[in-house]
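> below are the sequence and a predicted model; questions follow.
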Amino acid sequence: MKGHESKMARMEDILNLPVQDPPCAEFSAAHITWVKVEGGRQGGDDIALIPFSRVDDFVKGESSNAECPASFRIESRRKRSEGSISKPRVDGYLEYTLYWCSYGPEDYRDCESGLGDGSNFKPATGKGSRPGRRHMMRGCLCHFTVKRLYTRPLLALIIYNQRKHVDKTGSPCHGILDQDAVGTRAMYAPRISEELRQKVMSMLYVGISLDNIIQHHMEVVQGHGGPHNRDDFLTRNDVRNIERVIRNTSHELHIDDACSVKIWVQRHQKHVFYFQDASASEPFILGIQTDWQLQQMLRHGQNGSVASHSTFGSKKLKYPLSTLLVFDSSRNAIPVAWVITSSLTGQDIHKWVGSLAERLRTKDSRWRINAFLVDDPSFGFSAIRDAFQCRVLLCVWHVRRSWIRSLLKTCCNIDVQREMFKHLGWILYSSRSVPNAMDAVQEFMEVFVDQSAFMDYFKSQWSPHIESWVSCIRSLPVAGPEPHAAIESYHRRLKYKLFNDQYANFWPRIDWLIHTLTTEFHSLYWLDQYIVETGYFSNLRDESFSTNAWYQALHIPDIDVILDEQNLQVAKVISQTDRNLAYTIWNPGSEFSLCDCHWSNLGNLCKHVIKVAMMCKNRQVARPLLAAQIYRQTLLSLLHNPPDDPVVLDHAILCTTRLQQDIKGWEDLSNSGLLQQLPPELNSQMADNTLLFARSH
């Protein structure tokens, strides 16, 4: 009976342990408060509870121990299925993983130095001789166990069986505290880090030679004063091994595409934030985010914006691809997550967006974005707001690009192109007096009836969706044209990479798409950011990364823009290379502006259009957003027709206050170039009406 009481006390102690979640990206045992277990199978061990999603962060942190750098390997692993135990122990597990320092537990130091015949050095764990790793075995006993708790699957119980990196005599056996390790690689981690491995792989994927990689690495090591860790000992053999892995890696892990994808997901679980296999009732959904993409989203998304680039390749790929983008300091779009789904992206966003947001907040609980830009009216806006706690803006880059490219292809008259493009903008924003969107479409077709080629395209591709776009614009604020250029640049780069005719046979396979995105395409963006941060390999930089129209527009002086605020039909921008040349922008300040420069004539959004749009906003001469006009009508309606029910009245006052706060938030977004500013008279009138309405009741 006494034994039973002791056992119960121990179980209660484990249940009452606090869950520790250090705010740093990676953490070690030093960041955790440990509790000593008394009695039982784990008597004398240190234990702690952490979120299960942060186990990898703990393992990485422990591997970075300054005194004893290590690389923890998985020595053994066991799993149970839910429901397999009727009365689980408090420390019962769904998953059990034993991590052991790679410098042990076997000890081959004497064998390799010729001081013995090795007959007394039998493997401690029954794993045999561990071919290829004998040279690093130094008898280290440091190891810990991670249990994913059966009763609390979101938590991990860490049981540190031996925290010190010592051998069976209790002496340090590697690291800077081991005198025998001084001057050898045993001072450092046994292998290069995962970060360096990914860096070398990215360099190889973008075509940097082995010699250049080694030369570059030597320059980096010399730059920080010589070797400080195992990574600084990178050898040609290390690079050759990684090169061999790349050469022998195939996207086709199984002849059946679905099985191949499942194998990839199983092998790359840390890069998958959501996976749902296709079934009779559920669509296929795969959300991918590498460690590097996660870091970029945390870095550039903090207090910034995230934009969606959706339904790419719907005509060629088996399933369309959607990308989440952030913008760096040079206004380039960086892909930070990919979602492949067999259904319309917007319909199932509620399934994966929460998992992505939780993944980010697990890394940094204070991480927030200001706005989420969507390019599809079918998106679940409420799911985005709930997940990211931010404003949702509508981005019309896809509509604009599709329409102007079709106009350039089907209509040869430049003046007609401009007029049609302007009318298309009127349709989308319903800014004409026509109350119904389809009536506006009908009027447009009657005016330009002679443009039959474009009309056929418009009726087949866009007429069925116009009402949903107009409805969405009436309910959401619209992002300004500035980020359109960055999104278009990403779109062109993705199209160039994937839709090369040599890959045509692979387009129907999802595993090929996954492999290409996470290797070659991923490496292009990694290299660009590496060049920006370090200055190395600048001669290898893709010019498209340094010619972003949004970034270039910031470098056009205001004095080079000729803008008549009394007549906003046209604007002029003086060329930065030829001062005798000026470009003309029609319909300035609108997302449907056109320029007569070469880049714009190819259907792209040019720096001149963006610069003029910035000037229009800064001078507050752009037209007010339709959504703001509707809010104004709502407030005025409440002012002139206050409800009789006091409960309803209080609720109305609360709603108007929130609307005012939303509009103030939109102004903040406008200052960052993402949203069109409201004219001051509109905002002040709305504020006055709200205040008057509140005081009078």
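Yes, it's here.

> so where's the stretch 351-500 of the chain uncertain?
By pLDDT under 70, the low-scoring segments of the stretch 351-500 of the chain are 430-435.

> mind listing the helices for it?
Using DSSP state H, counting those that start in this stretch, the helices of the stretch 351-500 of the chain run over 381-388, 397-410, 414-429, 437-447, 452-461, 466-475, 482-498.

> quick one: closest of those to residue 251.
Nearest to residue 251, of all those, is helix 482-498, at 12.7 Å by Cβ to Cβ. (C-beta placed from N, C-alpha, C; glycine too.)

> and the closest one, what does it pack onto?
Judged by 3 or more Cβ pairs under 8 Å, 6 or more residues apart in numbering; DSSP states H and E, helix 482-498 is in contact with strand 305-312, strand 321-327, strand 333-341, helix 397-410, helix 510-516, helix 543-546, helix 549-553, helix 607-618.

> can you show me the CA trace of the first one as CSV?
Backbone C-alpha positions of strand 305-312 (Å, rounded to 0.1, in the frame of the first residue of the first chain) are rendered in CSV as follows:
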residue,chain,number,x,y,z
SER,A,305,2.0,41.9,-44.6
VAL,A,306,1.4,38.5,-46.1
ALA,A,307,0.1,38.1,-49.6
SER,A,308,-1.5,35.1,-51.3
HIS,A,309,-0.6,34.0,-54.8
SER,A,310,-3.3,31.4,-55.5
THR,A,311,-4.4,28.9,-58.1
PHE,A,312,-1.2,28.9,-60.1
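
> okay, the angle between that strand and helix 381-388?
Here strand 305-312 runs at an angle of 130 degrees relative to helix 381-388 (axes from the mean of the first three to the mean of the last three Cα atoms, to 10 degrees).

> any chance of JSON lines for the helices and strands packed on helix 482-498, columns mean neighbour count and distance to residue 601?
As requested, those are exported to JSON lines (neighbours: other Cβ atoms under 10 Å; distance: least, Cβ to Cβ, whole Å):
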{"stretch": "strand 305-312", "mean neighbour count": "23", "distance to residue 601": "24"}
{"stretch": "strand 321-327", "mean neighbour count": "24", "distance to residue 601": "26"}
{"stretch": "strand 333-341", "mean neighbour count": "25", "distance to residue 601": "23"}
{"stretch": "helix 397-410", "mean neighbour count": "19", "distance to residue 601": "7"}
{"stretch": "helix 510-516", "mean neighbour count": "21", "distance to residue 601": "31"}
{"stretch": "helix 543-546", "mean neighbour count": "14", "distance to residue 601": "18"}
{"stretch": "helix 549-553", "mean neighbour count": "23", "distance to residue 601": "14"}
{"stretch": "helix 607-618", "mean neighbour count": "25", "distance to residue 601": "12"}
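
> the ones you listed: which one's closest to residue 138?
helix 510-516 (38.0 Å).

> so which of the helices of the stretch 351-500 of the chain is nearest residue 256?
Closest among those, using Cβ to Cβ: helix 482-498, at 21.9 Å.

> so how many other residues sit close to the closest residue to residue 508 other than its chain neighbours?
Here the nearest residue to residue 508 in space, its sequence neighbours aside, is residue 318; by Cβ to Cβ, 6 or more residues apart in numbering that works out to 4.9 Å. A count of nearby residues for residue 318, using other Cβ atoms under 10 Å, gives 15.

> next one: residue 222
11.

> okay, and it sits in which element?
helix 210-223 (DSSP states H and E).

> check which helices and strands that helix sits against.
With contacts taken as 3+ Cβ pairs under 8 Å, 6+ apart, helix 210-223 sits against helix 194-205, helix 236-248.

> what residues sit buried inside it?
In terms of neighbour count (16 or more other Cβ atoms under 10 Å), helix 210-223 has its buried residues at 213, 214, 217, 221.

> again, but for stretch 443-452
Within stretch 443-452, the residues scored as buried using 16+ other Cβ under 10 Å are 444, 445, 448, 451.

> and stretch 461-477, by the same measure?
462, 466, 469, 470, 472, 473, 476, 477.

> can I get the CA coordinates of stretch 317-328 in CSV?
Extracted in CSV, the C-alpha atoms of stretch 317-328 (Å, rounded to 0.1, in the frame of the first residue of the first chain):
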residue,chain,number,x,y,z
LEU,A,317,-0.5,21.0,-63.1
LYS,A,318,-2.5,18.1,-61.6
TYR,A,319,-3.5,20.3,-58.6
PRO,A,320,-3.1,24.1,-58.5
LEU,A,321,-0.4,25.7,-56.4
SER,A,322,-0.9,28.5,-53.9
THR,A,323,1.9,30.5,-52.3
LEU,A,324,2.1,32.8,-49.3
LEU,A,325,4.5,35.7,-49.8
VAL,A,326,6.2,38.2,-47.6
PHE,A,327,8.1,41.3,-48.7
ASP,A,328,11.7,42.0,-47.9
